[in-house]
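Visitor: Test case, fold it:
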Amino acid sequence: MPTSLLDAVNTVIRATGEAPVVSILPTDEQLPPNIAAALNLIEEVRKEMQVRGWWFNRERDYPLQRTTDGEYTLPANTSRIDVSEGQSVRVTQRGTKLYNLDTHSFIFTETDLKVDLVLELPWDDLPEVARQYIAIVAARRFQARYLSSPNLDGFTQVDEMRALVNLQNAEAEEGNHSIFNHWSAYRALDRTPWYH
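Guide: Numbering: from 1, shown residues only. Predicted coordinates for the structure are as follows:
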């Protein structure tokens, strides 16, 4: 069963020696300060770790639909963007729109633009290995900010390293990484003369 947000909160507060809680429902009138702080740290780490881009939140060759005004609107949860391989335009993200660095405007003449996106996913859409990593990093930060106990910190540092290794192993297995997937890397290794 996947780690729930409640499980993650309990992981965070247990790192400080506190007893687990049974509910963090939004209907709770007021969460205790330690629970609110734990939730805030989990949210902070969830956003921070996804910006890098992992197999589960990367979209390659994502087709964008141009509006009648010549603009491209990005998904609201876009954290990073780049044009896909083979595209000739230079772009960046400005708010929820794609900005044309070549024309210094939001207007594009390209009608079939594809981009590589890194998306920020909500907790429930994350794979288990990412949930575990987030909970452990948040627990370490919570403990360091509120208790600063070297004994507790040393224990969770080992856990954090294990969780990171698990996340990186999953990235290696699930990400289908190969130098041959990237034209620039393949070209550097290709021994065929360019004039062939």
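Visitor: longest helix anywhere in this structure?
Guide: As far as residue count goes, and with DSSP state H defining each element, the longest helix of the chain is helix 150-174.
Visitor: Output the contacting helices and strands for that one.
Guide: Packing partners of helix 150-174 (3 or more C-beta pairs under 8 Å, 6 or more residues apart in numbering; DSSP states H and E): helix 128-146. Where you see a C-beta, it was placed from the backbone N, CA and C, and this is true even at glycine.
Visitor: export the helix it packs on as CSV, just CAs?
Guide: Listed next in CSV are the C-alpha coordinates belonging to helix 128-146 (Å, rounded to 0.1, in the frame of the first residue of the first chain):
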residue,chain,number,x,y,z
GLU,A,128,6.2,5.0,-3.8
VAL,A,129,10.0,5.5,-4.0
ALA,A,130,9.5,9.3,-4.4
ARG,A,131,7.0,9.4,-1.5
GLN,A,132,9.5,7.6,0.8
TYR,A,133,12.3,9.9,-0.2
ILE,A,134,10.2,13.1,0.4
ALA,A,135,9.0,11.9,3.8
ILE,A,136,12.6,11.1,5.0
VAL,A,137,14.1,14.3,3.7
ALA,A,138,11.2,16.3,5.4
ALA,A,139,11.8,14.3,8.6
ARG,A,140,15.5,15.2,8.6
ARG,A,141,14.8,18.9,8.0
PHE,A,142,12.0,18.9,10.6
GLN,A,143,14.3,17.4,13.2
ALA,A,144,17.2,19.7,12.3
ARG,A,145,15.0,22.9,12.5
TYR,A,146,13.1,22.0,15.7
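Visitor: Using neighbour counts, pick out the buried residues of it.
Guide: Of the residues in helix 128-146, those buried by neighbour count under the rule 16 or more other C-beta atoms under 10 Å are 129-143, 146.
Visitor: and if you look at stretch 14-34?
Guide: Using 16+ other C-beta under 10 Å, the residues of stretch 14-34 that count as buried are Ala15, Thr16, Glu18, Val21, Ile24, Leu31, Asn34.
Visitor: so Thr11 is in which element?
Guide: Mapping Thr11 onto the secondary structure by DSSP states H and E places it in helix 5-14.
Visitor: Can you give me the buried ones in that helix?
Guide: For helix 5-14, by 16+ other C-beta under 10 Å, it's Leu5, Ala8, Val9, Asn10, Thr11, Val12, Ile13.
Visitor: For Val165, state which of the residues you listed is nearest.
Guide: Each of the buried residues of helix 5-14 was scored against Val165 by C-beta to C-beta, and Thr11 proved nearest at 17.7 Å.
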